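Engineer: Please find the sequence and the predicted model below.
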Amino acid sequence: MIDLCPCRDTRLRTDPEDTKMTLFADIHATVLAALAAMEAEAVLPAGLDTRAVAVEPPRDAAHGDMATNAAMVLAKAAGMNPRDIATALAVKLAQDPRIASADVAGPGFLNLRLTPAAWRGVVAAILDQAGGYGRSAMGQGRRVNVEYVSANPTGPLHVGHTRGAVFGDALASLLDFTGHDVTREYYINDGGAQVDVLARSVYLRYLEAHGQEVAFADGTYPGDYLIEVGQALKDKVGDKFVDTGEQFWLAEVRDFATDKMMGLIRADLAALGVKMDMFYSEKSLYGTGRIEAALADLRGKGLIYEGVLEPPKGKTPEDWEPRSQTLFRSTAFGDDVDRPVMKSDGAWTYFAPDIAYHYDKISRGFDELIDIFGADHGGYVKRMKAAVAALSDNRVPLDIKLTQLVKLKRGDEELKMSKRAGTFVTLRDVVDMVGADVTRFVMLTRKNDAPLDFDVEKVREQSKDNPVFYVQYAHARIQSVLRKGAEIGLVPGGVDDLGAIQDPAELTLVAKLAHWPRLVESAAEAHEPHRIAFYLYELASDFHALWNKGNADAALRFLQEDDPAVTRGKLAMIRAVAIVISNGLGILGVSPAEKM
RNA sequence: GCACCCGUAGCUCAGCUGGAUAGAGCGCUGCCCUCCGAAGGCAGAGGUCAGGGGUUCGAAUCCCUUCGGGUGCGCCA
């Protein structure tokens, strides 16, 4: 049961035309060129390692628009005083028409101020690149597999899965946006005992559908969502399983129920706007020699052996007794103990098919693997990384991101129960309460490894307490102004009109837009999509501040009916803001609002 | 006992992979609409970046250690 989505566009994004220069990258290149020239002129010794040279916005805007640490990182290797290097570099850079001033500061920082014309060039570039602004080729078409959700097919997705789903999906989009060839994948845990439990639970509902009284013992799933599955089973097979033993119905009911549950899960994912490229079945690994093949690979490397594990220190389980098991030597890769791949009764542990699954991913030719797990799988990280390192001979990196718990609240009340699922609040409950857009954005307002409080009251407020609203409101305000401008025949202009952008608040906003491409790259590099959400909030904040200044100073309003040229320039600027918000929300899978 | 994650303003959290005087929101105090939507904005007070060592031009960030919180540790997945 492996299916590929045939509709996906898998072409690589390596067209160099896609790699537009951006302001920070541009200035960075300029700095490197100046350093190379200084080497050629023997101001600096030749052959310096310039990889640590950075061009960044200074933390304090009073220091300038950009700062470079070049002098300080090169000083030691060059055997020179950093301030001397900075001074010489400043002379070179000051010749660049985009650089208004270059000042040495502190221990050897070089602070750069750009000309207003350079900032205006950013606006022109954004309007030109539109949806492509911020898109990067840094991934060079590398094939990345992002595995996420991977919930057991035993019931609907709950809030915890929702966070993993949103995080994984946004990360995948971010990697796609930065030039990676991404596959979104779901691992179906349909090979273990939990699907037998599912089958037995559905069987009870099936008997119920035939009018019998049933009791749900411990270790069965009592959730309401199985009622219709029991009914559907009755519709399909009639009464042929009613008076038969488990050996006659277990396999068929299990397959039937698993299919139904995956249908449910796919629908849940669709409600959230998540679309997987591939669903990979654990069961397909059994009885096909694939687990054996993966373990044979490890055995050939001397990493599989028969042994007896020490009992865990501290609190030994009461029924603990030494048993010989088949073990994987994960300690060779930094794990604390070696891990069993086979239970003492000869059955595979969960780890064994997972090894085979990752072996399969490696053999499909991925250059990089990413797994998104819940925080309760933290103990699993080292052994999985060990297995991938061993299977790929250290060729394929595996990054495992853990998503922390979500505490769902309504004001001070904590929401825990869902009648439908019998246990947790479901993904569907959350999406029904606040909508997919809000759910997605809020799930990304924390780092993945930080716990998240999700207040379903607060996120429906239309105020700045609600970050989703705040960002969408900025976009809607811009669209409103653009519509209003169009009504009176004023539309965003081109590069010739951008002289209207002069006020410090306007230049601050434009500078923020210039940061977008490097923000995207650093977020992708770190596998941290939440940075996009925080950036969008800051951008919205800068925009709202400028908007408000228009209340006090009419010259800062975007529509100047008596001055079409200025209006065209200002409209171009705010359209650029809207483009960046739209691109950012697009990565997060949130739709930008046209009106509110 | 061991491993992993975390500890930043009264509260909830960012901090761009080592940069300059540590930021935002909430809360608190005081302001701003004859308004391109105030569904917003401005200003102020508030910090021993848990404590202690180390690495270097430079540490909230990297290393060691102590304390405190969370998660996990064969025969569940």
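Structural biologist: Ah, there it is.

Engineer: Can you name the residue of the stretch 151-300 of chain A nearest RNA strand B?
Structural biologist: A:Gly192 (2.8 Å; CB to the nearest atom of the strand). Backbone N, C-alpha and C define where each C-beta goes, glycine included.

Engineer: Give the helix, strand or coil label for the residue nearest to A:Asp399 when sequence neighbours are not counted.
Structural biologist: Ranked by CB to CB, 6 or more residues apart in numbering and with sequence neighbours excluded, the top spatial neighbour of A:Asp399 is A:Ile370, at 4.9 Å. Of the three states, A:Ile370 takes strand under DSSP: H, G, I helix; E, B strand; the rest coil.

Engineer: Ignoring the adjacent residues along the chain, who's closest to the residue of the stretch 151-300 of chain A closest to RNA strand B?
Structural biologist: Closest to A:Gly192 by CB to CB, 6+ apart is A:Tyr350, at 6.4 Å.

Engineer: What is the burial count for the one you found?
Structural biologist: 15 (other CB atoms under 10 Å).

Engineer: so what's the residue minimising distance to the centre of chain A up against?
Structural biologist: With distances taken as CA atoms, centre = their mean, A:Leu171 lies nearest the centre of chain A, 2.0 Å away. By CB atoms under 8 Å, 6 or more residues apart in numbering, the contact set of A:Leu171 is A:Val146, A:Tyr148, A:Ile370, A:Ile372, A:Lys401, A:His527, A:Pro529.

Engineer: what's the helix or strand for it?
Structural biologist: helix A:159-177 (DSSP states H and E).

Engineer: Would that helix count as contacting RNA strand B?
Structural biologist: No. Contact of helix A:159-177 with RNA strand B is not found when judged by CB under 7 Å from any atom of the strand; the minimum separation is 11.9 Å.

Engineer: ok, then the element right after that helix?
Structural biologist: Next along the chain after helix A:159-177, with elements defined by DSSP H and E, is strand A:181-188.

Engineer: if we can go back for a sec, could you redo the contacts of A:Leu171 as CSV and give each row neighbour count?
Structural biologist: Below are the contacts of A:Leu171 laid out as CSV (neighbours: other CB atoms under 10 Å):
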residue, neighbour count
A:Val146, 29
A:Tyr148, 26
A:Ile370, 22
A:Ile372, 26
A:Lys401, 20
A:His527, 18
A:Pro529, 26
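
Engineer: Let's see which of those residues end up in strands.
Structural biologist: The strands, defined by DSSP state E, take in A:Val146, A:Ile370, A:Ile372, A:Lys401 from the contacts of A:Leu171.

Engineer: wait, doesn't the third one sit right on A:Lys401?
Structural biologist: When you say that, I think you mean A:Ile372. Yes. Contact criterion CB atoms under 8 Å: A:Ile372 and A:Lys401 qualify, at 5.2 Å.

Engineer: okay, and the common contacts of the two?
Structural biologist: A:Phe167, A:Leu171.

Engineer: interface residues of the stretch 251-400 of chain A facing RNA strand B?
Structural biologist: Checking the stretch 251-400 of chain A against RNA strand B by CB under 7 Å from any atom of the strand, the hits are A:282, A:309, A:311-315, A:317, A:319-323, A:325, A:336-337, A:340, A:343-345, A:349-351, A:375-382.

Engineer: List only buried entries from those.
Structural biologist: Buried members of those, scored by 16 or more other CB atoms under 10 Å, are A:Glu282, A:Gln325, A:Pro340, A:Thr349, A:Phe351, A:Tyr380, A:Val381, A:Lys382.

Engineer: For chain A, which residues score under the pLDDT cut-off?
Structural biologist: A:1-21, A:314-317, A:417, A:419-422 (pLDDT under 70).

Engineer: ok, now which residue in it is the farthest from the centroid?
Structural biologist: Outermost in chain A, CA atoms, centre = their mean: A:Asp243 at 49.8 Å.

Engineer: Phi, psi for that residue please.
Structural biologist: Backbone torsions of A:Asp243, given as degrees, to the nearest 10, read phi -110, psi 30.

Engineer: that older thread, how close does the residue nearest to A:Asp399 get to A:Phe24?
Structural biologist: 26 Å (CB to CB, to the nearest Å).

Engineer: what's the answer for A:Gln502, then?
Structural biologist: 22 Å.

Engineer: Same question for A:Val122.
Structural biologist: Distance, A:Val122 to A:Phe24, by CB to CB: 10 Å.

Engineer: before we move on, the earlier item: okay, A:Gln502 and A:Phe24: which has more neighbours?
Structural biologist: Neighbours were counted for A:Gln502 and for A:Phe24 using other CB under 10 Å; A:Phe24 has more, 21 against 16.

Engineer: Strands of the stretch 151-300 of chain A, start to end?
Structural biologist: A:181-188, A:278-281 (DSSP state E, counting those that start in this stretch).

Engineer: Redo those as a markdown table? Include mean neighbour count.
Structural biologist: Shown next, in a markdown table, are the strands of the stretch 151-300 of chain A (neighbours: other CB under 10 Å):
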| stretch | mean neighbour count |
| --- | --- |
| strand A:181-188 | 23 |
| strand A:278-281 | 20 |
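
Engineer: which one of the ones you listed lies closest to A:Val434?
Structural biologist: Closest approach to A:Val434 among the strands of the stretch 151-300 of chain A (CB to CB): strand A:181-188, 23.6 Å.

Engineer: then that closest one to CSV, C-alphas only?
Structural biologist: Extracted in CSV, the C-alpha atoms of strand A:181-188 (Å, rounded to 0.1, in the frame of the first residue of the first chain):
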residue,chain,number,x,y,z
ASP,A,181,13.3,18.7,-3.9
VAL,A,182,10.9,17.8,-1.0
THR,A,183,8.9,14.6,-0.5
ARG,A,184,6.2,14.8,2.3
GLU,A,185,5.8,11.4,3.7
TYR,A,186,3.6,9.6,6.3
TYR,A,187,4.6,6.3,7.8
ILE,A,188,1.6,4.1,8.6
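
Engineer: Compute the inter-axis angle for it and helix A:159-177.
Structural biologist: 160 degrees (axes from the mean of the first three to the mean of the last three CA atoms, to 10 degrees).

Engineer: can you list the residues that contact strand A:181-188?
Structural biologist: By CB under 8 Å, 6+ apart, strand A:181-188 touches A:1, A:10, A:12-13, A:139, A:141-150, A:153, A:168-169, A:172-173, A:175-176, A:258, A:262, A:274-283, A:357, A:361, A:366.

Engineer: could you flag which of the residues you listed are buried?
Structural biologist: For the contacts of strand A:181-188, buried by 16+ other CB under 10 Å: A:13, A:139, A:142-150, A:153, A:168-169, A:172-173, A:175-176, A:258, A:262, A:274, A:276-283, A:357, A:361, A:366.

Engineer: where does the stretch 1-150 of chain A come near RNA strand B, residue by residue?
Structural biologist: Counting by CB under 7 Å from any atom of the strand, the stretch 1-150 of chain A sits next to RNA strand B at A:54, A:56-60, A:62-64, A:67, A:69, A:72-73, A:76, A:82, A:105-109, A:111.

Engineer: Weed out the non-buried ones from those residues.
Structural biologist: Applying 16+ other CB under 10 Å to these flags A:Pro57, A:Pro58, A:His63, A:Gly64, A:Ala67, A:Asn69, A:Met72, A:Val73, A:Pro82, A:Gly108, A:Phe109, A:Asn111 as buried.

Engineer: if we take the residues you listed, which one ends up nearest to A:Ala217?
Structural biologist: For these, the nearest to A:Ala217 is A:Pro57 (61.8 Å; CB to CB).
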